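Novice: sequence unknown, structure follows:
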């Protein structure tokens, strides 16, 4: 089952993720600036940032333990794995059986636990505040994400992401109403998980509202670079997961080289449009108070459960 | 010389534990002899018993009859695959705990070490006998021995009133549970007078009586396991007991209750009705959600873990409920999936929860402090304990690639493939139940981050913590053993499931083995790889490889320089340990979001307070809704009854006379 083309495709998918992820963050930042009538930073800005950070010394706080220094690498590793198993170009991924959609949620959970623990490690007020809030968002978002995955997994009769993509891509024009619910819930969850505007704001350092930024305050140099890179990888992974689950058309299937080549511009186009939508939604919304976030994510959770029930009650009966 | 069977070896192990215990009584104050010789020997016995049980998995059941007990009522013993799994769990986990205990127990103010050693090994032996018992009489004797020996272990430090109270509460609920179990056995014999399990299997109970037996068993074993609403002893008894005892109780003893529930509902009582599973499912969900919510708001590290045990028992009940429902509809493949999840979670929880309890023991030894509000930063002083606790924390949070995730994954797969139940209402309830399980799993992560972050990370909250020392060699050995179990259970699920499949097959007639055999040992695909698969080893290797490669590349292409400086914290100058989150502060979001679930007494400071303080006390609703009314009723009834006791002998004679008259009336031939 482990074919050479599969292996090459797998490596290519990982490299593409590593390269495209900062670009996607840069693109979203650019669009946001345009929508807000600001002059936009160049598209390559995230690369400049990574390069600069990798060059700088790591300034480690006095109270930092070994966990603090290990966490960025683990978080980065988790995100690479997530990007490796989500079919972005092709469903022929040798690593895909290693983790299905449920394990994928686990990978994100693992990364979240490590970054929250690292945030608590130095023992500053903002660090533990960030860690606590991140876990709060996490426990609200994770069940919603699982429910979304349950809905699509029931349609595909499988939790393997590759099989889900193949099933949904092949289901012609059949429209599943449950997918609409799941899609909306998934959008909500990805906003929260990627520290985007209604829940968190990646552009702010306003002490009392920040979540993600509060956790990584003490990081610098290559550690910060890895965390920033991991954050863009996460955005990329979520975008690819969303595209794979809800708009899977154009993703190549097993042993089809031409389709793989054709999938690249299509993916770039889909990600680009997704970025515009994301920037637009971020611009149109205001950040919620932290205790409004449970309502926001509770809505996502209920929508996802509703999707599941719609699937069970209406679609299976029909 | 006749060849010894596996069950004979296990009996020898039980005797060996008994002898080790008695040896402790010979020199009750000789701590060196007891700790450094008897406890390690006990660990060895545990290891041997575990290996014997592991080797006997898949073999035909073996029986033995012991001629102790009442005349004409000898002890029947039986080792089948279901018992073997739990004996394996007992042996392997208790080995780690005993090794740890060798370094843990010291001369203290409480029970003498020799007596403790006796109680400890008696506890182990009685748990083994519970698992081997094949008639109600032997079972109840072993069950009561287990309850009593653990009661004395809980009250080791009996000079404190809190601990004595916790012990009595435990004893009370253990006995209420035991009565229910006894009644359940009574119902299952249905008047035949045959108390052996074989006799109970042969009975054809009517649905009403079968349901009565099942519900009584659910209540009785639930009281031991900590299901709602008879969970209240757990958060009191676990913190009161010495840490190895908490580990043994939470890791192993709770599983004997799960064993009992499985034995009754799948083996003894006959074909289940569909709603039995729903009852277990509902109780399990309520227990799991309750347990995890309360564990997030605790400020005492052992209480936090005790509530987390309640949560895990709830998840086990959910799995049992799911398996029972599928079994009732003869969907054996799905029932096998859910039941495998139950067995796996038993093993996983035994490993990681014992590990965590032992870690709190080391913290307690090093700091004399149980309250989270006075700990912090211990990773600097106790790196071994901290990193090993991290293994337990990740497993307990149900995250890959460790053991907790495997069982959660199997359970969720069980939920996912539930549509197709021939019951529309059930089909609708099951996804909602899955949603609750997902919520519980996510909240468990919150509780575990709190547990780990507040104890081991951050700044030290008290100056005295600077003198904390890492665990000793014996303690480390025990912790490493349990961490190893947790990691191995995490990365080799297919191998383990192939072993425990024998028990699933025994209870349901089918298992997961055929489909697992087709793939490599590294792949877990219980139905088919297209449907769902999980390869924890590849998963782990990919993460480790990318961590290592990333590190190597960064150091190679750039540099590895590090400078130290004070923390930045947005330039905020006050960075003392008081600026960190307290245990209460960390869980504030949970208390706020789930406010109706808690009974809180809070004191907020006002602007005019000279000495402002904030306090919060979280109490269990069940005390006020259920236990206190019952206690008040009991107190009221007993005051009424005392009026009978006038203290005059003539009145008492009259009572006897009236009783005699009544008896003559009733019992006339």
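Specialist: The structure has been received and is ready for your questions. Predicted, not measured: the structure shown is a model, and the values here were computed from it.

Novice: next, the contact list for residue 153, please.
Specialist: Picking chain A for this. By C-beta atoms under 8 Å, 6 or more residues apart in numbering or on different chains, the contact set of residue A:153 is A:101, A:159, A:164, B:416. C-betas here are computed from N, CA, C, even on glycine.

Novice: actually, chain B is the one I wanted.
Specialist: When contacts are counted by C-beta under 8 Å, 6+ apart, residue B:153 touches B:116, B:119-120, B:123, B:241-242, B:245, B:249.

Novice: in chain A, which spans are strands?
Specialist: A:58-61 (DSSP state E).

Novice: quick one: least confident helix or strand in it?
Specialist: Counting by mean pLDDT, DSSP states H and E, chain A has its least confident helix or strand at helix A:161-170, which shows a mean of 82.

Novice: what helix or strand is the closest residue to residue B:151 other than its chain neighbours on?
Specialist: In space, and not counting its chain neighbours, residue B:151 is closest to residue B:171: 4.9 Å by C-beta to C-beta, 6 or more residues apart in numbering or on different chains. Assignment of secondary structure by DSSP states H and E places residue B:171 within helix B:161-189.

Novice: outline the domain layout of chain B.
Specialist: By the assignment in automatic domain parsing, chain B contains the domains B:1-205, B:621-666.

Novice: start to end distance for the last one?
Specialist: Domain B:621-666 has its terminal residues 45 Å apart, counting by C-alpha to C-alpha, to the nearest Å.

Novice: mind putting the domains of chain B in JSON lines, mean pLDDT and distance to residue B:442 included?
Specialist: Supplementary listing: the domains of chain B in JSON lines, determined by pLDDT from 0 to 100; distance: least, C-beta to C-beta, whole Å:
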{"stretch": "domain B:1-205", "mean pLDDT": "87", "distance to residue B:442": "27"}
{"stretch": "domain B:621-666", "mean pLDDT": "88", "distance to residue B:442": "23"}
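
Novice: distance check, residue B:452 against residue B:282.
Specialist: Distance from residue B:452 to residue B:282, counting by C-beta to C-beta, to the nearest Å: 32 Å.

Novice: before we move on, the earlier item: which strands and helices sit next to the least confident helix or strand of chain A?
Specialist: helix A:101-121, helix A:125-156, helix A:221-246 (3 or more C-beta pairs under 8 Å, 6 or more residues apart in numbering or on different chains; DSSP states H and E).

Novice: for residue B:4, which three-state class applies?
Specialist: Following DSSP: H, G, I helix; E, B strand; the rest coil, residue B:4 is assigned to coil.

Novice: with adjacent residues omitted, what lies nearest to it?
Specialist: With C-beta to C-beta, 6+ apart, the residue lying closest to residue B:4 is residue B:12, at 7.9 Å.

Novice: now do the buried residues in stretch A:153-170.
Specialist: Across stretch A:153-170, burial judged by 16 or more other C-beta atoms under 10 Å in any protein chain shown covers A:153-169.

Novice: follow the chain on from the helix or strand where the residue nearest to residue B:4 lies and name the next helix or strand.
Specialist: Assigned by DSSP H and E, residue B:12 belongs to helix B:6-26. As assigned by DSSP H and E, the chain's next helix or strand after helix B:6-26 is helix B:31-33.

Novice: dump the helices and strands packed on helix A:161-170 to CSV, plus mean pLDDT.
Specialist: Shown next, in CSV, are the helices and strands packed on helix A:161-170 (pLDDT from 0 to 100):
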stretch, mean pLDDT
helix A:101-121, 92
helix A:125-156, 88
helix A:221-246, 91
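
Novice: mind putting these into TSV with distance to residue B:346?
Specialist: What follows is the helices and strands packed on helix A:161-170, written out as TSV (distance: least, C-beta to C-beta, whole Å):
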stretch	distance to residue B:346
helix A:101-121	20
helix A:125-156	23
helix A:221-246	33
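
Novice: and the ones you listed: which comes nearest residue B:334?
Specialist: helix A:125-156 (14.3 Å; C-beta to C-beta).

Novice: confirm residue B:618 sits in a helix?
Specialist: No - with three-state DSSP as the criterion, residue B:618 is strand rather than part of a helix.

Novice: my guess is it contacts residue B:295. True?
Specialist: No - between residue B:618 and residue B:295 there is no contact under C-beta atoms under 8 Å: 11.2 Å.

Novice: and those two? Which one has more around it.
Specialist: Between residue B:618 and residue B:295, counted using other C-beta atoms under 10 Å in any protein chain shown, the more crowded position is residue B:295 (28 against 18).

Novice: could you pull up phi and psi at the closest residue to chain A within the stretch 251-400 of chain B?
Specialist: The nearest approach of the stretch 251-400 of chain B to chain A comes at residue B:400, 4.1 Å away (C-beta to the nearest C-beta). Per-residue torsions, residue B:400: phi -70, psi 160 (degrees, to the nearest 10).

Novice: measure it to residue B:409 for me?
Specialist: 8 Å.

Novice: wait, what's in contact with whichever residue of the stretch 201-318 of chain A sits closest to chain B?
Specialist: Per C-beta to the nearest C-beta, the residue of the stretch 201-318 of chain A with the smallest distance to chain B is residue A:308, at 4.6 Å. Under the criterion of C-beta under 8 Å, 6+ apart, the neighbours of residue A:308 are A:147, A:150-151, A:154, A:178, B:431, B:435.
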